[in-house]
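Student: one predicted model, sequence on top.
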Amino acid sequence: MNEKSHLIILILVFFLVTSFIVSCSPENNSVVSPNPSLTFATTTTLIDEKQTPTLDIEALTDQARELLEHGDLEKAVSILDLAIEAVSEDAGLHNTRGIALGHLGEFERAIEDLGRSIELDPDYAPTFYNRGLVKTWIGDIEGSISDFGQAIEINPEFKEAYSDRGLMYVVLGRLDQAMRDYDQSLSIDPEYIPALVNRGYALFLLGEYERSLVDLGLAIELDPRIAGPYVNRGLTYLYLEDKENALADFNQAIALDPEEMTSYLHRGTIYFEIGDYDKALEDFDTYIKAVPNDPIALYNRTQIYISFEEYEDAITDASRLIENAPDAILLARTYFLRGVAYSALGDAENAIDDLNRALDLGLDDERADTAKSILEIMQ
């Protein structure tokens, strides 16, 4: 896996972070987010517009929606269970309970409820959209594309469905189709932040870095309180080797959302490259606590430990990485680093074994020369 591929995977993971929006007005399709700080990268939002209320269960339905908006998910499900027991053929109730179950991570039950809602009301676009989102969370990419497409067929102005279907096309590497969907979403609403961020990502993958910066910059201008666009713009700056602006964006992303781990990894990489190993180590420590087996973070931290002469820690990280190295190049370099650490500790047997493995896997000339020099001394 090359460095750009690693960036791509990180961005993709980042784009799939979820938040939930509950839309309450079927007349204008407006959305209100109960947690706007998390809506930074993609809609991934279960939409619950109020369908026609059924008889005496309207109060229960409204109570469940209110609980859903405030995150009291289990209580919302309990109330909806009672309502559905009384009126089992109500599409809106099944849709709302499907949303609550999706929040709770009970994806199979959520899909079952949303499917039942679609059977009862097959012309209601948000339910197809909701089921499409849940399918993305279980990795059913083709299924989610189908459901987003059905939502769009019912409502051609469904900007969220275009944006999220575009993201699924990116997962499949179908960037041209993704760009068409993002363009369509933004033709409906030129200031729709998820589509701007997602299109900026697709442009990054296409190598159109300046255009990517424009989309991400506009997303930041529209709402500077959201961490996601800063992370992705920082990644774009990093790929353009503009470390100063990349560092500024990662700092801002962390200030806005200290739980967003991607920024620590890339800020740590910048600190490492400019020789500020103390700050780099602090960022890698933070990131590895959340993502224990990330290859880039482990590799860089191993190098820092060696520079600090903390050889036992270097061997521990290198050993973890050897078990999870994504490609032969990184595996060879990791054996090399562990061999260097063993040699510094005077463990000739393990050092010789690791350095020979590294040479067999294939090292660049500089590392190969160093490995051979150590082997000559130790053998």
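Tutor: Perfect, I can see it now. Predicted model, so just to flag it, every value in this text is computed and none were measured.

Student: using CSV, list the CA coordinates for stretch 295-306.
Tutor: Output of stretch 295-306 as CSV, limited to C-alpha atoms (Å, rounded to 0.1, in the frame of the first residue of the first chain):
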residue,chain,number,x,y,z
PRO,A,295,0.8,0.6,10.3
ILE,A,296,2.0,4.2,9.6
ALA,A,297,1.7,5.3,13.2
LEU,A,298,3.5,2.2,14.5
TYR,A,299,6.2,2.5,11.9
ASN,A,300,6.9,6.1,12.7
ARG,A,301,6.7,5.6,16.5
THR,A,302,9.2,2.7,16.1
GLN,A,303,11.6,5.1,14.4
ILE,A,304,11.2,7.7,17.2
TYR,A,305,11.8,5.1,19.9
ILE,A,306,15.1,4.1,18.1
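
Student: for stretch 170-181, what is the distance to the chain centroid?
Tutor: 17 Å (C-alpha atoms, centre = their mean, to the nearest Å).

Student: that should have said stretch 221-232, apologies.
Tutor: That offset, for stretch 221-232, works out to 15 Å (C-alpha atoms, centre = their mean).

Student: please identify the buried residues of it?
Tutor: Within stretch 221-232, the residues that count as buried by 16 or more other C-beta atoms under 10 Å are 226, 227, 228, 229, 230, 231, 232. All C-beta spots, glycine's among them, are computed from the backbone N, C-alpha and C.

Student: average pLDDT for it?
Tutor: Throughout stretch 221-232, pLDDT has a mean value of 96.

Student: same question, stretch 57-66
Tutor: Stretch 57-66 shows a mean pLDDT of 83.

Student: one more: stretch 308-319?
Tutor: The average of the pLDDT scores along stretch 308-319 is 97.

Student: what's that stretch in contact with?
Tutor: 277, 281, 298, 301-302, 305-306, 334-335, 337-338, 341-342, 344-345 (C-beta atoms under 8 Å, 6 or more residues apart in numbering).

Student: let's see it at 6 Å
Tutor: Stretch 308-319 has contacts (C-beta atoms under 6 Å, 6 or more residues apart in numbering) with 298, 301, 302, 305, 306, 334, 337, 338, 341, 344, 345.

Student: can you check stretch 135-153 too?
Tutor: Contacts of stretch 135-153 with the rest of the structure, by C-beta under 6 Å, 6+ apart, involve 107, 125, 128, 129, 131, 132, 158, 161, 164, 165, 168, 171.

Student: next one: stretch 282-291
Tutor: 261, 264, 265, 267, 268, 297, 301.

Student: at 8 Å what do you get?
Tutor: Contacts for stretch 282-291 (C-beta under 8 Å, 6+ apart): 261, 264, 265, 267, 268, 271, 294, 297, 298, 300, 301, 304.

Student: make CSV from those and add pLDDT, neighbour count and distance to residue 203 to it.
Tutor: Converted to CSV, the contacts of stretch 282-291 look like this (pLDDT from 0 to 100; neighbours: other C-beta atoms under 10 Å; distance: C-beta to C-beta, whole Å):
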residue, pLDDT, neighbour count, distance to residue 203
261, 95, 22, 24
264, 97, 24, 25
265, 96, 22, 22
267, 97, 26, 23
268, 97, 28, 26
271, 97, 23, 27
294, 94, 20, 25
297, 95, 25, 26
298, 97, 26, 30
300, 96, 24, 27
301, 97, 28, 32
304, 97, 21, 33
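
Student: in CSV, list those along with secondary structure.
Tutor: Listed next are these as CSV, based on DSSP: H, G, I helix; E, B strand; the rest coil:
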residue, secondary structure
261, helix
264, helix
265, helix
267, helix
268, helix
271, helix
294, coil
297, helix
298, helix
300, helix
301, helix
304, helix
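
Student: specify the local secondary structure of residue 71.
Tutor: Once three-state DSSP is applied, residue 71 turns out coil.

Student: how many residues are close by it?
Tutor: Close neighbours of residue 71, defined as other C-beta atoms under 10 Å, add up to 11.

Student: now it: phi and psi?
Tutor: Note on residue 71: its backbone torsions stand at phi 80, psi 10 [degrees, to the nearest 10].

Student: report the contact partners of residue 237.
Tutor: Here residue 237 is in contact with 213, 243, 245, 246, 249 (C-beta under 8 Å, 6+ apart).

Student: hang on, it in a helix?
Tutor: Yes - according to three-state DSSP, residue 237 belongs to a helix.

Student: how near is it to residue 230?
Tutor: 10 Å (C-beta to C-beta, to the nearest Å).

Student: who touches both of those two?
Tutor: When contacts are counted by C-beta under 8 Å, 6+ apart, residue 237 and residue 230 have residue 249 as shared neighbours.

Student: make sure residue 283 is indeed in a helix.
Tutor: Yes - secondary structure of residue 283 (three-state DSSP): part of a helix.

Student: distance of it from residue 60?
Tutor: Remark: distance between residue 283 and residue 60 (C-beta to C-beta) = 49 Å.

Student: out of the contacts of stretch 308-319, which are inside strands?
Tutor: Among those, no member falls in strands (DSSP state E).

Student: and these as a markdown table, adding distance to residue 138?
Tutor: Shown next, in a markdown table, are those (distance: C-beta to C-beta, whole Å):
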| residue | distance to residue 138 |
| --- | --- |
| 298 | 29 |
| 301 | 33 |
| 302 | 35 |
| 305 | 38 |
| 306 | 41 |
| 334 | 33 |
| 337 | 38 |
| 338 | 38 |
| 341 | 41 |
| 344 | 47 |
| 345 | 46 |
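
Student: just the buried residues of the residues you listed.
Tutor: The neighbour count (16+ other C-beta under 10 Å) marks 298, 301, 302, 305, 306, 334, 337, 338, 341 as buried among those.

Student: okay, those in JSON lines with distance to residue 375 next?
Tutor: As requested, the buried ones among the contacts of stretch 308-319 are exported to JSON lines (distance: C-beta to C-beta, whole Å):
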{"residue": "298", "distance to residue 375": "25"}
{"residue": "301", "distance to residue 375": "25"}
{"residue": "302", "distance to residue 375": "20"}
{"residue": "305", "distance to residue 375": "22"}
{"residue": "306", "distance to residue 375": "18"}
{"residue": "334", "distance to residue 375": "17"}
{"residue": "337", "distance to residue 375": "15"}
{"residue": "338", "distance to residue 375": "14"}
{"residue": "341", "distance to residue 375": "15"}
